[in-house]
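Colleague: sequence unknown, structure follows:
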């Protein structure tokens with residue numbers, strides 16, 4: 001009886017998490033800025049050239065229009081950015097995301113590749129191109145891109161590359177590798193709903209019901225304990241019943257998003 005109760009509880013909690021941890025991304029539209037500034041130069045600082053500053057402002061405007069779904073205006077802003085500074089990697093990063101949202105995979109890949117030729121170690125470009133590869137049937141190639149992003153010690157959002165690598169490892173059927181990525185993501189951010197949800201799924205499939213019930217999460221870092229249910233609900237918002245309904249609509253059997261705007265899929269993620 002106790003085992004059955006634990007299983008039911010674990011399933012209910014995982015359904016709750018699914019509402020905010022949809023296939024690797026938390027939220028419908030990313031809000032972070034594209035990377036790829038001048039090497040060693042802080043955007044907006046006195047060391048940034050006037051040409052680069054004008055291009056950066058255009059890219060930031062394009063990112064805002066992209067998040068609003070106004071893709072044509074985003075393209076116009078990026079065109080102006082590249083006319084001002086044809087060698088700005090962040091502009092090609094954003095351009096790849098916009099073309100991907102338009103389902104123009106060829107131009108999306110060309111844009112990512114051009115940005116990477118200019119800045120091969122850029123964490124944002126590597127993460128975004130990795131997610132593109134993962135969602136276009138090249139999961140194996142995507143892992144190398146996530147690993148490259150994680151080599152940047154100044155990468156501000158490594159959890160994105162970690163949980164994306166975990167999801168792509170799951171698609172490859174490599175559950176042990178996936179678990180390692182999700183554990184690493186959790187160690188960086190103990191409130192990461194994507195890591196909690198996917199680890200819970202892995203533990204539930206293994207029959208480790210107690211760990212699944214608690215989101216699969218007992219931090220390996222000293223000072224962290226189990227994550228209480230109320231913190232899961234706080235990260236997602238809303239009631240458990242509402243979130244379970246959202247999970248059924250937006251997370252049907254871990255479907256991959258071939259088209260970023262298709263029903264039930266999310267716009268491609270972006271990293272900072």
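Modeller: That came in fine, so what should we check first? As the structure is a prediction and not an experimental result, all values here were calculated from the model.
Colleague: quick one: contacts for residue 162?
Modeller: Counting by C-beta atoms under 8 Å, 6 or more residues apart in numbering, residue 162 touches 146, 150, 181-182, 184-185, 188, 195. Just so you know, the C-beta spots here come from the backbone N, C-alpha and C atoms, and that holds for glycine as well.
Colleague: from these, list just the buried residues.
Modeller: 146, 150, 181-182, 184-185, 195 (16 or more other C-beta atoms under 10 Å).
Colleague: make CSV from the contacts of residue 162 and add distance to residue 94 to it.
Modeller: As requested, the contacts of residue 162 are exported to CSV (distance: C-beta to C-beta, whole Å):
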residue, distance to residue 94
146, 19
150, 21
181, 26
182, 28
184, 27
185, 24
188, 25
195, 27
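Colleague: out of those, who's nearest residue 123?
Modeller: residue 150 (7.8 Å; C-beta to C-beta).
Colleague: where are the low-confidence patches of this structure?
Modeller: Scanning the chain with the threshold set as pLDDT under 70 gives 1-46, 214-272.
Colleague: any idea which helix is longest in it?
Modeller: What stands out as the longest helix in the chain, according to DSSP state H, is helix 50-68.
Colleague: packing partners for the very next helix or strand once past it?
Modeller: Downstream of helix 50-68, the first helix or strand assigned by DSSP states H and E is helix 71-84. Using 3 or more C-beta pairs under 8 Å, 6 or more residues apart in numbering; DSSP states H and E, the elements in contact with helix 71-84 are helix 50-68, helix 89-101.
Colleague: buried residues, helix 71-84. List them.
Modeller: Applying 16+ other C-beta under 10 Å to helix 71-84 flags 71, 74-75, 77-78, 80-82, 84 as buried.
Colleague: now that helix and helix 89-101, what's the angle there?
Modeller: 150 degrees (axes from the mean of the first three to the mean of the last three C-alpha atoms, to 10 degrees).
Colleague: buried residues in the host helix or strand of residue 111, which are they?
Modeller: Element membership of residue 111, judged by DSSP H and E, is helix 105-118. Buried residues in helix 105-118, counted by 16+ other C-beta under 10 Å: 105, 108-109, 111-112, 114-116, 118.
Colleague: who touches it?
Modeller: 36, 87-93, 95-97, 99-100, 122, 125-126, 128-129, 132, 136.
Colleague: on that earlier part again, any idea which of the buried ones among the contacts of residue 162 is closest to residue 205?
Modeller: Checking the buried ones among the contacts of residue 162 one by one against residue 205 (C-beta to C-beta), the nearest turns out to be residue 182, at 13.2 Å.
Colleague: skip ahead from the helix or strand hosting the closest one and say which helix or strand is next.
Modeller: According to DSSP H and E, residue 182 maps onto helix 175-188. Next along the chain after helix 175-188, taking DSSP H and E as the criterion, comes helix 193-205.
Colleague: rewinding a little: which of the buried residues of helix 71-84 lies closest to residue 159?
Modeller: Out of the buried residues of helix 71-84, the member with the shortest distance to residue 159 (by C-beta to C-beta) is residue 74, at 25.7 Å.
Colleague: if I look at that closest one, how far off is residue 53?
Modeller: According to C-beta to C-beta, to the nearest Å, residue 74 and residue 53 sit 19 Å apart.
Colleague: relative to residue 204, which of the helices and strands packed on helix 71-84 is closest?
Modeller: Among those, helix 89-101 comes nearest to residue 204, with 32.2 Å by C-beta to C-beta.
Colleague: ok and that closest one relative to helix 105-118, angle-wise?
Modeller: Using the same axes, to 10 degrees, the inter-axis angle of helix 89-101 relative to helix 105-118 is 160 degrees.
Colleague: tell me the helices and strands packed up against helix 89-101.
Modeller: Using 3+ C-beta pairs under 8 Å, 6+ apart, helix 89-101 sits against helix 50-68, helix 71-84, helix 105-118, helix 123-134.
Colleague: which helices and strands sit right next to the shortest one?
Modeller: Packing contacts for helix 123-134, counted by 3+ C-beta pairs under 8 Å, 6+ apart, involve helix 89-101, helix 105-118, helix 139-150, helix 158-171.
Colleague: adding distance to residue 205, write those out as TSV.
Modeller: Converted to TSV, the helices and strands packed on helix 123-134 look like this (distance: least, C-beta to C-beta, whole Å):
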stretch	distance to residue 205
helix 89-101	31
helix 105-118	32
helix 139-150	19
helix 158-171	11
